[in-house]
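[1] predicted model and sequence follow; I will ask about them next.
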Amino acid sequence: MNDGRGYYSFSQVNSDDIRKLDLPWYVFYVIIKYDPFNRNLVKNHCGQNEWNHWGNVPNMFWTMRSDIDMSDVVDLSCIQQIPQDNRYVLSDPDFDGHTSCFVIDFQYLRTIDQKINFKDYGLNEIVMKSLRPKISFSAWYYKDNSQSTCYTLRATVHSRTNEMIGVCDHIDTGLQTEFQWNKVSNSFETRGDETSLILRHSIMDARFSILTTNFKMT
């Protein structure tokens, strides 16, 4: 669970409040074994393990242009350390003490994504139907230029048959005139038949890159 001040365990919930929960015994077993409310379910959320656990969609626009020699273009996508003078960002509990971030070069990458399977954290179909947990997600990012770029954070939830049963978008097309980290967050109210979530971070500008970090889901 996350109250905006960081994560804390289900085991820390007041015992009187626990007694009020009318839940089957196996739900409490899952909570005790996996403690899924005490973690960020997104793996490698700050690039602390390079690009592990993240998939990507290449930017095919550049490769199809005959007037551009891609051998002359350097891919600037990388993992970068956040400067210490950005303390107001690094002190945020979302970072879990990590100090790195993803740099995405639009010339090569259009989207990076990660799939979270709820059952990997004990949240199987029975538990999801019993608890119907609220799914929260967020991202920190900044546009590394003074021009207009379009950054999109998309979260989709899927059923057991992989049918998309929910989608939530945040689209930033604003002009960034000064250096500033931005945080976007949103959430789903689940109905009990969700089995996975996919987070996608996309860039819609052919001229510049964008810096993104801290892909979070609780």
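    Done, it's in. Numbering: from 1, shown residues only.

[2] return the helix or strand in the chain with minimum mean pLDDT.
    strand 210-217 (a mean of 50; mean pLDDT, DSSP states H and E).

[3] torsion angles phi and psi at the residue lying closest to L131 once chain neighbours are set aside?
    Spatial nearest neighbour of L131, excluding adjacent residues (C-beta to C-beta, 6 or more residues apart in numbering): V27 at 6.5 Å. Yep, even glycine has a C-beta here, placed from its N, CA and C like the rest. For V27, the backbone dihedrals are phi -70, psi -40 (criterion: degrees, to the nearest 10).

[4] test my guess that V27 contacts R132.
    No. Counting by C-beta atoms under 8 Å, no contact exists between V27 and R132, whose distance comes to 11.3 Å.

[5] can you give me the helices for this structure?
    Here the chain has its helices, by DSSP state H, at 15-19, 25-34, 60-64, 87-90, 125-131.

[6] what residue ranges in the protein score low on pLDDT?
    Across the chain, the ranges flagged by pLDDT under 70 are 1-22, 38, 59-75, 106-108, 144-148, 175-178, 205-218.

[7] again, only using 50
    1-9, 206, 214-218 (pLDDT under 50).

[8] residue ranges of the strands in it, please?
    55-58, 78-81, 100-104, 109-117, 134-143, 151-158, 164-172, 182-189, 196-203, 210-217 (DSSP state E).

[9] now these in TSV, with distance to S91 and mean neighbour count?
    TSV is the format used below for these (distance: least, C-beta to C-beta, whole Å; neighbours: other C-beta atoms under 10 Å):
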stretch	distance to S91	mean neighbour count
strand 55-58	30	13
strand 78-81	16	14
strand 100-104	15	23
strand 109-117	25	18
strand 134-143	12	20
strand 151-158	22	20
strand 164-172	23	14
strand 182-189	13	14
strand 196-203	23	20
strand 210-217	13	23
